[in-house]
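Q: Next comes the sequence, and after it the predicted model I'd like to discuss.
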Amino acid sequence: MKLLGLLLASIGRILLPHSVRKLESTIRGRNAHRPMRRSPPTLIAALVAGEDQRFYRHKGVDPIAIASALFRLFVSGKLSGASTIDQQLVRVLTGERKRTLRRKLREILLASYTSTNY
């Protein structure tokens, strides 16, 4: 898991330097970065339980959730969510909502970068 996170972060730095700079300036500009230790533990527990149960075991991308979503897509033809909290943060900060593979791949790379660096 750790190696995957580092690999994705490295790829993101190479392929997405403009996107990373833009994301970082958005985080600073919106004061979105708030250390978890300053948030109430019950709020963190509720958020993690509802949105990303493996939050503490991955670095921005949850391969188990992705595999599960792909399995559901191939078996039933239905899309299901696999986004981590980090990916949701990237989506909100970048404002990108279109359902495209390109957006999803960018989101994965930026979420890995965000998780590794913040």
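A: The structure has been received and is ready for your questions.

Q: Considering helices and strands only, name the one in the chain with the lowest mean pLDDT.
A: Scoring the helices and strands of the chain by mean pLDDT, DSSP states H and E places helix 2-15 at the bottom, with a mean of 54.

Q: low-scoring stretches of this structure, by residue?
A: Within the chain, the stretches with pLDDT under 70 are 1-36.

Q: Show me where it has its helices.
A: 2-15, 17-30, 41-51, 63-76, 85-94, 101-117 (DSSP state H).

Q: Return the set of buried residues in the fourth one.
A: So the one you mean is helix 63-76. Across helix 63-76, burial judged by 16 or more other CB atoms under 10 Å covers A65, A69. All C-beta atoms are positioned from the backbone trio N, CA, C, and that covers glycine.

Q: Compute the first-to-last residue distance for stretch 89-101.
A: For stretch 89-101, the first and last residues are 18 Å from each other (CA to CA, to the nearest Å).

Q: So for it, what gets flagged as buried?
A: For stretch 89-101, the neighbour count (16+ other CB under 10 Å) marks L89, V90, R91, L93, T94, E96 as buried.

Q: and the residue lying closest to A65 once chain neighbours are set aside, what is it in contact with?
A: Distances taken as CB to CB, 6 or more residues apart in numbering place A82 nearest to A65, at 4.0 Å, with adjacent residues excluded. A82 makes contact with D62, A65, I66, S68, A69, according to CB atoms under 8 Å, 6 or more residues apart in numbering.

Q: how much space between A82 and S39?
A: Relative to S39, A82 is positioned 24 Å away (CB to CB, to the nearest Å).

Q: One more: T116?
A: 20 Å.

Q: Which of these two has more residues huddled nearby?
A: In this view T116 and S39 are compared by other CB atoms under 10 Å, and T116 has more residues nearby, 18 against 11.

Q: Thanks a lot, catch you later.
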